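A.B. asks: show me how the following folds:
(2 chains)
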Amino acid sequence: MFSLSRKDLAALAVFAAVVLTMPIWLAPFGAAYPGLMQKFAIYAIFAIGFNILFGLTGYLSFGHAAFLGVGSYTTVWSFKLLSMDIGPAMLFAIIVSGVFALLIGYFSLRRTGIYFSILTLAFAQMSYSLAYSVLTPITNGETGLLLARDDPRHLDALFGAQATAAGLPQPTLFGMSVTGYTGFYLCAVILIIAFYLSQKIFASPFGMALRGIKSNQTRMNYTGFNTRPYMLAAFVISGMFAGLAGALLSITDPLAGAERMKWTESGNVVLMTILGGVGTLFGPVIGAWLIKYFENIFSAINTNMLNGLFSFLPDGVQTFVVTVLSKFVGEGWHLTLGLMFVLIVVFLPGGLVEGFHRLMVRLKRQKATPDGVTSVQPAE
Amino acid sequence: MIEATPNIILHAADVHKNFGGLRALSDIDLQIEEGKTHAIIGPNGAGKSTLLNVIIGRIPPSSGAVVFDGTVLTGKAPHEINQLGISRVFQTPEIFPDLPVLHNVMAPAFARRDGAFRVNLLRSIDSERQIRQEAEDILDDIGLHGRRGDHAGSLSRGDKRRLELAMCLIQRPRLLLLDEPTAGMSRHDTNTTIELLRKIKSSGMTKVIIEHDMHVVFSLADRISVLAQGRIIASGLPQEIKEDPRVQQAYLGGSVQ
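C.D. replies: The predicted structure is shown next:
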């Protein structure tokens, strides 16, 4: 079961260490609070799952937010109807989003390229509209699905574990509350498991078949592979990852709203994956962290902070610099993100992971050059 | 229902193919004997590639049927036809350019072993020692073992063709279809390929070759069919074809070699 190559095991160990020490190394960046780190972990799971479809098969889905939303709603309903324990909530979220992915994938995968993308987008927008208005009894429409004190919670009732404290009941894991750092470590551990699963898929014959589909679908067919079920399996797996991410969003903050299904969310996960590096193991995680960091930290910088930062400059210059920079921070963080995205796609089509590889190659070459020089010198 | 006679592995019976008003193939009746190498020759535009595409199911015939070992191929999907034991080398090599050379050869071996679809997530490619060994052996045979870690897209055109041949051979197909396997190869590479094809000839695999190069045709073929203007104008042993006046007129321009 734990059959990974030595290289993959090392990568997994490094990854686990990086994720679990987040509270330490994120502190200097001002992002070491559990609420934000949870988001880092959750969106990394979302992006890892998306990468299994987009990175391995090359099929670009513009509708993955639908599965995120389905996961969220299912989780809240599980809290309402069954139990405040997160176990069944996550399980049902994964199953229900998997079924949704099976339906949407079955139809969308009849087309390739741009038509596939448009179909997934159409399905996601349909889901969004349904959640926003038509299915109000299930989704509570604009307000969003919330917990209530008098929810039935049949399983909890069965075991006599009715919440007695005042206020709304909180999600628990075997009776343990999952707020604050517990919540973060819960998401972190699930992220590590998700990363391990994606490693397994990348290294398996199944993953190789998905790469074959991306590389040459004609050859795949004439080699005896039935490509459609492979595609559908990849689509469902990535939908389940999205559902799990949606479940975690609702676990850390027990409500579900239709805006989670909006096309901007679907676009975000595409950006994360491309920014970090499509088809790489680490890329989507790095992309997710970067975008969430920008969204939460960069957007919080305001003109006063900039004025403080550049107070050493002469008055006129300071006003000028602050006026220009203020367009790129705060509300304008999208501008910075957009610029960064353009630069990376133009100069580093393989994303930040490719940039890292290029840097390593250059460093190695620089290290090798002095050696070469010394070995030449005696001849002179 | 057309019955295949015992030693006829492939039978294209009464096949017609029209593209709009153009008659690409008419009255084709082609029988391929098991274990033999059957060459299909003919001038440009005679319909050779169309015939191959009809056999492999890429193009449906307008009428008639192709029967492989008692199974009607017409209407089957490409992967189903492959699963019956038919592999194909294309005129322009169809390989996996973004995958390492070794994985290019391993993927068809998985398709042979696991069938058309299987989600085997728990095993890793590296733990498939048997398939890997087989792939390395076959790469050794075609002289690409040293490049097994490179992306297949970086190979030269001749190497890509050889790689594609290896991808078909590792499936140990019962019928191998080759569409101009030596086109664009140097004389040296052509001879190496002929040698390789001769070697597998002894293993009992049936082969259908479309070829322009008469040197290749007469070094390999047991049977030859001549296609001209969508019709088979002659079929027989190489010696008979060489001497057939109709063939010489239609294709060989009056003399052979």
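
A.B. asks: ok, how many other residues are close to A:Ser129?
C.D. replies: A:Ser129 has 13 neighbours, counted by other C-beta atoms under 10 Å in any protein chain shown. No exception for glycine: its C-beta is placed from N, CA and C like everyone else's.

A.B. asks: same question for A:Phe347.
C.D. replies: The number of residues packed near A:Phe347 is 9, by other C-beta under 10 Å.

A.B. asks: enumerate the residues of the stretch 151-300 of chain A near chain B.
C.D. replies: Selection of the stretch 151-300 of chain A residues close to chain B by C-beta under 8 Å from any C-beta of the partner chain yields A:200-201, A:203-206, A:208-209, A:211-212, A:214-216, A:218-227, A:229-230, A:233.

A.B. asks: pull out the buried members of those.
C.D. replies: Among those, those buried by neighbour count (16 or more other C-beta atoms under 10 Å in any protein chain shown) are A:200-201, A:203-206, A:208-209, A:211-212, A:214-216, A:219-227, A:230, A:233.

A.B. asks: just the ones in helices from those, please.
C.D. replies: Residues of these located in helices (DSSP state H): A:200-201, A:203, A:205-206, A:208-209, A:211-212, A:214-215, A:219-222, A:227, A:230, A:233.

A.B. asks: can you give me the neighbour number for B:Ala234?
C.D. replies: Residues near B:Ala234, counting by other C-beta under 10 Å: 18.

A.B. asks: list the contacts for it?
C.D. replies: B:224-226, B:240-241, B:244, B:246-247 (C-beta atoms under 8 Å, 6 or more residues apart in numbering or on different chains).

A.B. asks: list just the nearest of the residues you listed to chain A.
C.D. replies: B:Ser225 (23.0 Å; C-beta to the nearest C-beta).

A.B. asks: give the contact list for that closest one.
C.D. replies: When contacts are counted by C-beta under 8 Å, 6+ apart, B:Ser225 touches B:30, B:38-41, B:232, B:234-235.

A.B. asks: now do 6 Å
C.D. replies: Counting by C-beta atoms under 6 Å, 6 or more residues apart in numbering or on different chains, B:Ser225 makes contact with B:40, B:232, B:235.

A.B. asks: what's the spacing between it and B:Pro181?
C.D. replies: Distance from B:Ser225 to B:Pro181, counting by C-beta to C-beta, to the nearest Å: 17 Å.

A.B. asks: same question for B:Arg198.
C.D. replies: Taking C-beta to C-beta as the measure, B:Arg198 falls 13 Å from B:Pro181.

A.B. asks: more neighbours: which of these two?
C.D. replies: Between B:Arg198 and B:Pro181, counting by other C-beta under 10 Å, B:Pro181 is the more crowded of the two (29 against 12).

A.B. asks: I'd say the more buried one and B:Val89 touch.
C.D. replies: Yes. Using C-beta atoms under 6 Å as the test, B:Pro181 is close enough to B:Val89 to be in contact (5.5 Å).

A.B. asks: host element of the residue nearest the centre of chain B?
C.D. replies: Chain B has B:Leu177 as the residue nearest its centroid, 1.4 Å off, counting by C-alpha atoms, centre = their mean. In the assignment (DSSP states H and E), B:Leu177 maps to strand B:175-179.

A.B. asks: all strands for the stretch 151-257 of chain B, in order.
C.D. replies: Applying DSSP state E, counting those that start in this stretch to the stretch 151-257 of chain B gives strands spanning B:175-179, B:206-210, B:223-228, B:231-236.

A.B. asks: tilt between the third one and strand B:231-236?
C.D. replies: Pointing back at strand B:223-228 there. 160 degrees (axes from the mean of the first three to the mean of the last three C-alpha atoms, to 10 degrees).

A.B. asks: now strand B:223-228, how far from the chain's geometric center?
C.D. replies: Between the centre of strand B:223-228 and the centre of its chain there are 15 Å (C-alpha atoms, centre = their mean, to the nearest Å).

A.B. asks: the last one too?
C.D. replies: Here strand B:231-236 is found 19 Å from its chain centre; the criterion is C-alpha atoms, centre = their mean.
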